[in-house]
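Enquirer: The following block contains a protein sequence and its predicted model.
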Amino acid sequence: MNTQRGTLLLIAFGLVAALAVSVAHADRITDGERALKAGRLDEALQAFQAAAAEGNARGAAGVGRVWLRRGRLEPAMEAFKRAAGMDATYAYAVYGQGEVLRRQGHCDDALPLFRQATQMDRRFPEAQLGLGNCLAATGHVDQAIAAFSDGAKWGREWGPRFLVARGAAQMSRDSLRLAGIDFTRAREQAPKDPEIRRATGDFYMQRGTWALAIPELEAAVALDSNDVATWTSLGQALFFGERYDESLQAFRRATALDTAYAPAQLGLGNLMFRAGLADPRRFAEAREPLERYTRMAPEDAKGWSLLGRLYARLGYRDSALTDMQKAETMGDKSKELYTALGRAYSDRKEWAQALDAFSKGEPGPEDATVIAQIFEVTGHPASADSVYLTMIGRDSTGARAGFAYTQRAKMRFREKDYPTAEALFSRALTIDARNGEATFYRGLCLKEMQRNPEALVALRAAAQIDSAKADRFFWLGVVADAEKQSAEAEQAFQRSTDLDSTSALAGKAYRQLGFYRLLRRQWPAAIPLLRRAVDLDASDSQAWLWLAQGYQNSGNRARATESYQKVLALDPDNASAKKGLKSLAPRKAGSAGPPG
């Protein structure tokens, strides 16, 4: 008897414990539902997670619903799969997986799940809506309309939403009159339902009719000012409607309501990035929301694309390229991305990748100069010339045209077509008379065309314009020397070496300066200048010859001999070096001395 009573007590205690667990589950689910409906998403997530931790499928699905509300599709999918694993008969877990796939644009994969969910629960409005939406998205519009028509009979709460969806399907096949009837009926049946107004606004957004979307979404937020998704949709509509200040306010309202709602962070970051194109100070304001978005939605290529392009604007070149390459790998093929990649690769002198990226992008006028120069350095002058001609065709009198004329002229200069080059440099100078590059190269063209007096005038002007460039003064010295303007030439060569004392060109300038000292019989002053010349260019036989003469005239026979030998090693037939060595050779004993 006592044993039987003990068994009954254990059973009773077990039933009470099970009931307590069930009540605890129900309480957590109820708390989660209440918080979710009120938009308190952190609180809802906490309640659902507690229920899920105890093996409750509704709790796990609730976690997925919160992530869906926040636009976090990957964790949402994980939660719905977990719920399905806990209870294979729970229709919402199946629907949730389909909804994630639908939002990711994979309706072909979502359709079997929606169908399964509607078979598991014949009156499951969310699943029926998802099914209809994916049927429409995959081109099965008649089937979609049939699915929506069934749902439109499901009472006052859901009927209007199915009418909106059916109206959208009607519009997709250009049945505008039927669509208008459905939208009107939906608003009449539920004039104060923010979901209906938002759904209508979202539909107009999809159609690209921002002017119609904005009032619907404004009405929705007026009816429910705490819905982060509606504020985000309104921000997007205002952005596309070019009402940027209002868009910013909407996105900031959305991010203030829920910092974890990913689409709002993306919308805000995108808006600030676009604002930065007009005012670069705004780029810094785009960084935080875009970095936050890529942490929340690491699977979204658009986020990495935007962040990479932002980093490029902020000067973080390595991070920019890494993120943009990631976006491309993940499927972003936008022209904006490829244009930015072209710039990034060109900065790194990766010319082939740069040209390939630019070819897939939409480079602007500012990119044309880069593309043309890449063609030049990679040995495609005809392609470069074509780009320069296009630049000139866009605006033949602007600064970019002046640059294009100069570059085309330099190409002709390298081809030694000096008359054509000179004419193009002259054309560039009509656009900007202070174009130092064009002035300098025009002077060199005139020199090669044996028009030295004109060349001297041009090179004087080039030296004045680019007074910190050594080559301007060097070539001014060369032409001044040719025109017997020795004082001006010496002064120009000296200025050239003041600006650059280490290049091969500097070696030639030092050689000329040493030569002027030789002419003035200033042997000790000439030697260090000529010594510097051969240090910079040991193959300069003329500098070695003058150095030898400087040593000889200063009485340093050994160094003179050594220097003459250097000349003959470089130029075995040099008559002046042979004569100099012969004059330094020791005389034979008993030979006649010099005449007295």
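Expert: Yes, it's here. Numbering: from 1, shown residues only.

Enquirer: Least confident secondary structure element in this structure?
Expert: Across the helices and strands of the chain, mean pLDDT, DSSP states H and E gives its lowest value to helix 2-37, namely a mean of 62.

Enquirer: On the C-terminal side of that helix, identify the next helix or strand.
Expert: helix 41-53 (DSSP states H and E).

Enquirer: any weak-confidence spans in the protein?
Expert: 1-25, 587-596 (pLDDT under 70).

Enquirer: Could you rerun that using 50?
Expert: Scanning the chain with the threshold set as pLDDT under 50 gives 1, 8-21, 590-596.

Enquirer: unless I'm mixing things up, residue 481 is touching residue 511, no?
Expert: No. Taking CB atoms under 8 Å as the definition, residue 481 is not a contact partner of residue 511, at 11.7 Å. C-betas here are computed from N, CA, C, even on glycine.

Enquirer: who has more neighbours, those two?
Expert: residue 511 (24 against 18; other CB atoms under 10 Å).

Enquirer: Report the contact partners of the more buried one.
Expert: Taking CB atoms under 8 Å, 6 or more residues apart in numbering as the contact definition, residue 511 lies against 529, 530, 533, 540, 542, 543, 546.

Enquirer: other SSEs contacting whatever helix or strand the second one lives in?
Expert: Secondary-structure assignment from DSSP H and E places residue 530 in helix 523-536. If you count contacts as 3 or more CB pairs under 8 Å, 6 or more residues apart in numbering; DSSP states H and E, helix 523-536 packs onto helix 504-519, helix 541-553.

Enquirer: Let me have the ones you listed in TSV, extended by distance to residue 311.
Expert: As requested, those are arranged in TSV below (distance: least, CB to CB, whole Å):
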stretch	distance to residue 311
helix 504-519	40
helix 541-553	51
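
Enquirer: Tell me which of those is the most buried.
Expert: For these, the largest average neighbour count (mean count of other CB atoms under 10 Å) is found in helix 541-553, namely a mean of 24.

Enquirer: export that helix as PDB, just CAs?
Expert: Output of helix 541-553 as PDB, limited to C-alpha atoms (Å, rounded to 0.1, in the frame of the first residue of the first chain):
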ATOM      1  CA  SER A 541      84.700  60.300 -72.100                       C
ATOM      2  CA  GLN A 542      84.500  64.100 -72.700                       C
ATOM      3  CA  ALA A 543      84.400  64.700 -68.900                       C
ATOM      4  CA  TRP A 544      87.500  62.400 -68.500                       C
ATOM      5  CA  LEU A 545      89.300  64.300 -71.200                       C
ATOM      6  CA  TRP A 546      88.700  67.700 -69.700                       C
ATOM      7  CA  LEU A 547      89.600  66.300 -66.300                       C
ATOM      8  CA  ALA A 548      92.900  65.000 -67.700                       C
ATOM      9  CA  GLN A 549      93.600  68.500 -69.200                       C
ATOM     10  CA  GLY A 550      92.800  70.100 -65.900                       C
ATOM     11  CA  TYR A 551      95.300  67.800 -64.100                       C
ATOM     12  CA  GLN A 552      97.900  68.300 -66.800                       C
ATOM     13  CA  ASN A 553      97.700  72.100 -66.700                       C
END
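
Enquirer: Off-centre distance for that helix?
Expert: 58 Å (CA atoms, centre = their mean, to the nearest Å).

Enquirer: got it, and stretch 436-446?
Expert: 36 Å.

Enquirer: what does that stretch contact?
Expert: 402, 405-406, 409-410, 413, 418-419, 421-422, 425-426, 428-429, 432, 452, 454-459, 461-462, 465-466, 469, 471-472, 475, 479.

Enquirer: By neighbour count, sort out the buried ones in those residues.
Expert: For these, a neighbour count by 16 or more other CB atoms under 10 Å gives the buried set as 402, 405-406, 409-410, 413, 418, 421-422, 425, 428-429, 432, 452, 454-456, 458-459, 461-462, 465-466, 469, 471-472, 475, 479.

Enquirer: among those residues, which are in strands?
Expert: Using DSSP state E, the subset of the buried ones among the contacts of stretch 436-446 located in strands is empty.

Enquirer: From those, which land in helices?
Expert: Among the buried ones among the contacts of stretch 436-446, the members falling in helices (DSSP state H) are 402, 405-406, 409-410, 413, 418, 421-422, 425, 428-429, 452, 454-456, 458-459, 461-462, 465, 471-472, 475, 479.

Enquirer: buried ones in stretch 81-98?
Expert: 81-84, 86-87, 90-98.

Enquirer: typed the wrong thing, it's stretch 210-220
Expert: So for stretch 210-220, counting by 16+ other CB under 10 Å, buried means 210, 212, 213, 214, 216, 217, 218, 219, 220.

Enquirer: ok, the third one touching residue 197?
Expert: Right, the one you point to is residue 213. No. In this structure residue 213 lies outside contact range of residue 197 using CB under 8 Å: 10.4 Å.

Enquirer: re the thing from before, out of the buried residues of stretch 81-98, which one sits closest to residue 64?
Expert: Nearest to residue 64 among the buried residues of stretch 81-98 is residue 96, at 4.8 Å by CB to CB.

Enquirer: Relative to residue 186, how far out is the residue lying closest to the closest one once chain neighbours are set aside?
Expert: Excluding its sequence neighbours, the residue lying closest to residue 96 (CB to CB, 6 or more residues apart in numbering) is residue 80, at 3.4 Å. Distance, residue 80 to residue 186, by CB to CB, to the nearest Å: 29 Å.
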